[in-house]
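**Q** got a structure for you, letters missing:
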């Protein structure tokens, strides 16, 4: 079946603008994760959803970052008042809890550039 | 908290050379361990995994063994190819499985 998809693939925005990044997980996967990959910080966890609720938001770097998930499927990561340090590749992953390995499948990412 | 430490790169090898990328971890309990690979211009792909002590994960000629006594999960391949050039990430998932903790990544360059 289809893998994890993300849109847009690239986003260039001006400092101070808001952006929304979208993730479509693998059908039937109830767990969804957002990560950020940047040169200085490597791969960082941002937030985890189980269904529509987010039991772990510990990686969100500031209150400018928020995420939601609806219908147990699509998720949107919103960054308000973007700053240059928000420039990174934002990765989404999904998995099916209950399996023994907690294997996560990643999307291609959204490259965000804040000018 | 949980953490993963990988050997720094870049690692540059000639084709058909033996590869080892070291990975050690700190975690409570019994995490699952993973190697992910990121080829140039592509997304993260799971390379192999192991869920308990002494398990050996293997795929595409790569192997890694979950060593609880040394808290290690070193990646090995007997004969690398140019097409193996990529960034390799070691990662762990805690028993709750709610997030992956990644190492910094190791760049591998294979010359023909």
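**A** Yes, it's here. Please read all numbers here as calculations on a predicted model, not as lab measurements.
**Q** Quick check: residues of chain B near chain A?
**A** For chain B, the contact set with chain A under C-beta under 8 Å from any C-beta of the partner chain comprises B:32, B:34, B:36, B:42-46, B:49, B:51, B:89, B:93, B:97-105. From N, CA and C alone the C-beta is placed, and that goes for glycine too.
**Q** Please type out the ChimeraX selection for whichever of the residues you listed turn out to be buried.
**A** Selection of buried members from the residues of chain B next to chain A for ChimeraX, criterion 16 or more other C-beta atoms under 10 Å in any protein chain shown:
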select /B:32,34,36,43,44,46,49,51,89,93,97,98,99,100,101,102,103,104,105
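**Q** Below-threshold pLDDT in chain B: ranges please.
**A** B:95-97 (pLDDT under 70).
**Q** what do you get for chain A?
**A** A:1, A:98-102.
**Q** And the residue positioned nearest the centre of it, its phi and psi?
**A** Central residue of chain A (C-alpha atoms, centre = their mean): residue A:34, 3.1 Å from the mean position. Dihedral pair for residue A:34: phi -120, psi 140, per degrees, to the nearest 10.
**Q** For chain B, which segments count as strands?
**A** For chain B, applying DSSP state E gives strands covering B:3-6, B:11-14, B:19-21, B:23-26, B:32-38, B:44-50, B:56-59, B:62-65, B:75-77, B:86-93, B:100-102, B:106-111.
**Q** Need the ones you listed in JSON lines (columns: distance to residue A:67).
**A** Formatted as JSON lines, these follow (distance: least, C-beta to C-beta, whole Å):
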{"stretch": "strand B:3-6", "distance to residue A:67": "24"}
{"stretch": "strand B:11-14", "distance to residue A:67": "35"}
{"stretch": "strand B:19-21", "distance to residue A:67": "32"}
{"stretch": "strand B:23-26", "distance to residue A:67": "27"}
{"stretch": "strand B:32-38", "distance to residue A:67": "22"}
{"stretch": "strand B:44-50", "distance to residue A:67": "19"}
{"stretch": "strand B:56-59", "distance to residue A:67": "31"}
{"stretch": "strand B:62-65", "distance to residue A:67": "32"}
{"stretch": "strand B:75-77", "distance to residue A:67": "32"}
{"stretch": "strand B:86-93", "distance to residue A:67": "20"}
{"stretch": "strand B:100-102", "distance to residue A:67": "17"}
{"stretch": "strand B:106-111", "distance to residue A:67": "30"}
